[in-house]
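J.: give me a 3D structure for the following:
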Amino acid sequence: MAARGVKDAGPTVANASNGDAVSCVLCPGLPGQPALLGSKKQGARIDHNMPWSFQRAREVTDLESSRSTEAECCPSKKENPDPTGKARTDGAGATPGPTTTTPSPLPELAKEHFFPSHGARSESRGGFLLLLPVAPSPARPLPPWLQPRPAAAARRVAVAAAAIALDPFQEIKTEQDDASKTEVFACPVCYEPLIRKGPPGMNLPAIYRSGFKCSKCNRSFTSKDVFLDLTVTSGMKEYSELKPARTELFRSPLVSFLYERGWRQNFNRSGFPGRDEEFQMAQDYFQPVAGGILVDVSCGSGLFSRKFASSGAYSSVIALDFSENMLRQCYDYIKQEETPMNTNLALVRADISRLPFASCSIDAIHAGAAIHCWPSPSNAIAEISRVLKPGGVFVATTFLSTPTNSGPFSIDALRPLRQIVGPVNSSYNFFTEGELEDLCRSCGLVNYSSKVQRSFIMFSGQKP
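T.: Numbers count the residues shown, from 1 in each chain. Okay, here's the model as predicted:
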């Protein structure tokens, strides 16, 4: 048996003469849990950290006084404590007389506190003290205070099993799966849920500091400036494309700057009630989905997005537009109005015909004075129907077709001619009320309703 560094598989030996600790012989399989039976300066004591440790031992005399006596917890004693059988000499070299066997308090305490009713045997080898417990007989089981507590043992087993079974990569994957279930953003290419890395929350600081990645397309999407770019062309370096003139007009920095500085106010000439009244009308339509997620598509400078967010009626509001400059203007207004940055309002750049949301994930969608600017209103309404949850509500405002804004094409008999003139005409698309209702129903929306005031119309549809 090795003198030092004995492995946990057997009884531990320690040098009692130089103050080293003697490890507990009852739990040799517990690494790092020594039971101090004695030290050169502090005397013998027990200092076991296990929950069922032996805390009843008392401090006894210094082990130095008992070096000449073999520690034992059983009746048998040896006449000569030195295993070599030779008498020891003192520092001057004189040989002392016969050694008298004097009972040491250490064996008595060990017998009383460590091995009661069982005893122990001991060996001394080369100046090292070895304590060995005597195995209990079947008729004399271990006392309750020496047995592990069942509850504590069960907890240790459960913790150990959990530590062994825990796979960090599995934990990460589980977190990603959970995030995929809660996040509404999806890849604009394949519509797979995006994996988000960053702080949670649907607010400007959280979105800005987050990265999004599609595990299927292996495409990454990050915040550009103050908004999250989720267009198909996001990140492309060589390819670029232009939308129709009516769409590109609002990407202009000048138009974006003027939109709430006189541009939008001129809509009242066509019968638009104004921001506050339009907002309240939309809120009436959205009552069935209050508390859900609202997306303000073609939000422009955030004229209604900010009001929806500050109303507190929705868990999250996403201001979505294709124009980068409009989103920047929205951010500037948020700062000017001292709207809290941690308000559940996110700025996202996306194409209305390729909404970056999972199917059936949005509760409400608003499009204020926008449908006449969309390149393909039918594709846009179909996308809106796709992302709406069952029972979700879509509300939009636009200009009705009149002789003023449509010329001769406002006449029902001449409206089919728009297909011929349309490709060379860069003006907006204005529709009749019947066309808007047909469009909504064809895209799967039900419960169509509308409110008309001159050429202004607010219409609504619901996902069945």
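
J.: list the contacts of Gln461.
T.: If you look again at residue 461, you'll see it is Gly, not Gln. Contacts for Gly461 (CB atoms under 8 Å, 6 or more residues apart in numbering) come out as 393-394, 440-441, 445-448. Yep, even glycine has a C-beta here, placed from its N, CA and C like the rest.

J.: mind redoing it with 6 Å?
T.: Applying CB atoms under 6 Å, 6 or more residues apart in numbering to Gly461 gives the contacts 394, 440, 445, 448.

J.: ignoring the adjacent residues along the chain, who's closest to the third one?
T.: Nearest residue to Leu445, sequence neighbours excluded (CB to CB, 6 or more residues apart in numbering): Gly461, at 3.1 Å.

J.: note down every partner strand of the strand or helix carrying the one you found and its orientation.
T.: Assigned by DSSP states H and E, Gly461 belongs to strand 456-462. Next to strand 456-462 in the sheet, as set by DSSP bridges, lie strand 388-399 (antiparallel), strand 446-453 (antiparallel).

J.: the shortest one - what's its average pLDDT?
T.: Taken as a whole, strand 446-453 has an average pLDDT of 97.

J.: output it as CSV - backbone C-alpha positions only.
T.: Extracted C-alpha coordinates of strand 446-453, given in CSV (Å, rounded to 0.1, in the frame of the first residue of the first chain):
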residue,chain,number,x,y,z
VAL,A,446,-64.3,36.6,-44.8
ASN,A,447,-66.6,39.0,-42.9
TYR,A,448,-65.8,41.8,-45.3
SER,A,449,-67.0,45.3,-44.2
SER,A,450,-66.2,48.8,-45.2
LYS,A,451,-66.7,52.5,-44.4
VAL,A,452,-66.8,55.0,-47.2
GLN,A,453,-66.4,58.8,-47.0
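
J.: buried stuff in it?
T.: Within strand 446-453, the residues scored as buried using 16 or more other CB atoms under 10 Å are Tyr448.

J.: go on, the first one?
T.: Of the residues in strand 388-399, those scored as buried under the neighbour-count criterion (16+ other CB under 10 Å) are 388-389, 392-399.

J.: determine which two of these are furthest apart.
T.: Lys389 and Phe399 (29.0 Å; CB to CB).

J.: what about Asp276, neighbour count?
T.: Using other CB atoms under 10 Å, Asp276 is surrounded by 9 other residues.

J.: C-terminal to the helix or strand bottoming out on mean pLDDT in the chain, what's the next element?
T.: In the chain, no helix or strand scores lower on mean pLDDT, DSSP states H and E than helix 168-182, which sits at a mean of 42. Counting by DSSP H and E, the next helix or strand C-terminal to helix 168-182 is strand 195-197.

J.: show me what that next one is packed against.
T.: Helices and strands touching strand 195-197, by 3 or more CB pairs under 6 Å, 6 or more residues apart in numbering; DSSP states H and E, are strand 211-213.

J.: quick check: phi and psi at Cys443.
T.: Cys443 adopts backbone torsions of phi -90, psi 10, taken as degrees, to the nearest 10.

J.: in this structure Ser210 contacts Pro200, no?
T.: No. Between Ser210 and Pro200 there is no contact under CB atoms under 6 Å: 8.4 Å.

J.: give me the more crowded residue out of those two.
T.: Comparing Ser210 with Pro200 by other CB under 10 Å, the one with more neighbours is Ser210, at 20 against 11.

J.: check contacts around that one.
T.: Contact partners of Ser210, counting by CB under 6 Å, 6+ apart, are 196, 198.

J.: from Pro464, how far out is the closest residue to Gly444 other than its chain neighbours?
T.: Spatially, and ignoring its direct neighbours in sequence, Gly444 is nearest to Ser385 (4.5 Å; CB to CB, 6+ apart). Look at Ser385 and Pro464: by CB to CB, to the nearest Å, they are 10 Å apart.

J.: so for those two, which residue has more residues nearby?
T.: Ranked by neighbour count (other CB under 10 Å), Ser385 and Pro464 place Ser385 first, with 21 against 12.

J.: helix, strand, or coil at that one?
T.: Three-state call for Ser385 (DSSP: H, G, I helix; E, B strand; the rest coil): helix.

J.: how close does it get to Cys330?
T.: Ser385 is 26 Å from Cys330, by CB to CB.

J.: am I right that Tyr314 falls within a strand?
T.: No. Assessed with three-state DSSP, Tyr314 is coil; it does not lie in a strand.

J.: ok, the residue nearest to Ala396 when sequence neighbours are not counted - contacts?
T.: Spatial nearest neighbour of Ala396, excluding adjacent residues (CB to CB, 6+ apart): Ala367 at 4.0 Å. Contacts for Ala367 (CB under 6 Å, 6+ apart) come out as 297-298, 396.

J.: what sits opposite Ala367 in the beta ladder?
T.: Val297, Ala396.

J.: what pLDDT is listed against it?
T.: Ala367 is given a pLDDT of 98.

J.: ditto for Lys224
T.: You'll see Lys224 listed with a pLDDT of 74.

J.: for the one 5 residues further on, same thing?
T.: Each residue has a pLDDT score; the one for Asp229 is 95.

J.: who touches it in this structure?
T.: By CB under 6 Å, 6+ apart, the residues touching Asp229 are Arg349.

J.: how close does it sit to Ile207?
T.: Relative to Ile207, Asp229 is positioned 11 Å away (CB to CB).

J.: the residue lying closest to Leu230 once chain neighbours are set aside and Val184, how far apart?
T.: Once flanking residues are discounted, Leu230 sits nearest to Pro356: 3.8 Å by CB to CB, 6+ apart. Distance, Pro356 to Val184, by CB to CB: 9 Å.

J.: between the two, which is the more surrounded one?
T.: Pro356 (27 against 19).

J.: which residues does the more buried one contact?
T.: 185-186, 188, 230, 350.

J.: please report how far it lies from Asn379.
T.: Per CB to CB, Pro356 is found 15 Å from Asn379.
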